[in-house]
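Engineer: Here is the input, now give the coordinates:
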Amino acid sequence: MAGNRRPILLLLVIFIAPLALAFWLYYGSTWRPALRTNHGNLIEPVVTLPVLPVSGASSSVLKGKWSLVVVGQGDKGCDEGCLEALVYARQTWLSLGKLTPRVQRVLLAGEGCCDHRYLSDEHQGLIVTQLPDHTVSAVLAAIPSPHAGTVFIVDPLGNLMMRYDIRQDPKGLREDLKNLLELSHIG
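Structural biologist: Numbers count the residues shown, from 1 in each chain. All right, here's what the predicted structure looks like:
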């Protein structure tokens, strides 16, 4: 009879020991798993950006794809911090490999913004939205500050999700974006 119990007890120990260890680690020790896994700053509460029409289309430029958004300085153009953010967004986008078709890069700026020749030469595929002054102020009010030196992630539904300071390692943005793309079936 004792010989029949041994395999059952061994199976119980094999299956219960890891569970008991996990409970002890979580509740009985000072160790805790990391509270967050994202590298950027999550924007809470969720901010839905206003519709930004694309010329010749009825939908918003920020709908349908994941977007890496850089905010220009209104009608003043794209200063040095804005240009650095564009390079940061471009390099991150290029590093996505096969996931690049699901992500677009967008520059939000006023009507008098930017050197279009530079943007078309250095940032091929960048969507530049030149907004009227009244729209620029509404968009800037919706996007939490600071805008300079920052890249934002906007989901395919037009919701502002995360903010990244370009002084931080770009690997964090890439990792977060890859995780979002793997988990999401939209965009």
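Engineer: going forward, measure contacts between C-alpha atoms and count neighbours the same way
Structural biologist: Noted.
Engineer: Tell me the bridge partners for residue 69.
Structural biologist: residue 106, residue 152 (DSSP bridges).
Engineer: dump the residue contacts of it.
Structural biologist: Residues near residue 69 by CA atoms under 8 Å, 6 or more residues apart in numbering: 89, 105, 106, 107, 108, 151, 152, 153, 154.
Engineer: Give me the neighbour count for residue 23.
Structural biologist: 12 (other CA atoms under 10 Å).
Engineer: Check for me that it belongs to a strand.
Structural biologist: No - the assignment for residue 23, made by DSSP: H, G, I helix; E, B strand; the rest coil, is helix rather than a strand.
Engineer: any idea how far it lies from residue 119?
Structural biologist: 55 Å (CA to CA, to the nearest Å).
Engineer: Cross-check the contact I'm expecting between residue 128 and residue 111.
Structural biologist: No - if you go by CA atoms under 8 Å, residue 128 and residue 111 don't touch, sitting 10.3 Å apart.
Engineer: okay, those two: which has more neighbours?
Structural biologist: Legend: neighbour count by other CA under 10 Å for residue 128 and residue 111, higher for residue 128 (21 against 16).
Engineer: where exactly do the helices run in this protein?
Structural biologist: 2-23, 80-94, 116-122, 133-142, 170-183 (DSSP state H).
Engineer: any idea which residue sits dead centre in the chain?
Structural biologist: For the chain, the residue nearest the mean C-alpha position is residue 153 (3.5 Å; CA atoms, centre = their mean).
Engineer: quick one, what contacts it?
Structural biologist: 66, 67, 68, 69, 160, 161, 162, 163.
Engineer: Tell me the one of the residues you listed nearest residue 32?
Structural biologist: Nearest to residue 32 among those is residue 162, at 24.7 Å by CA to CA.
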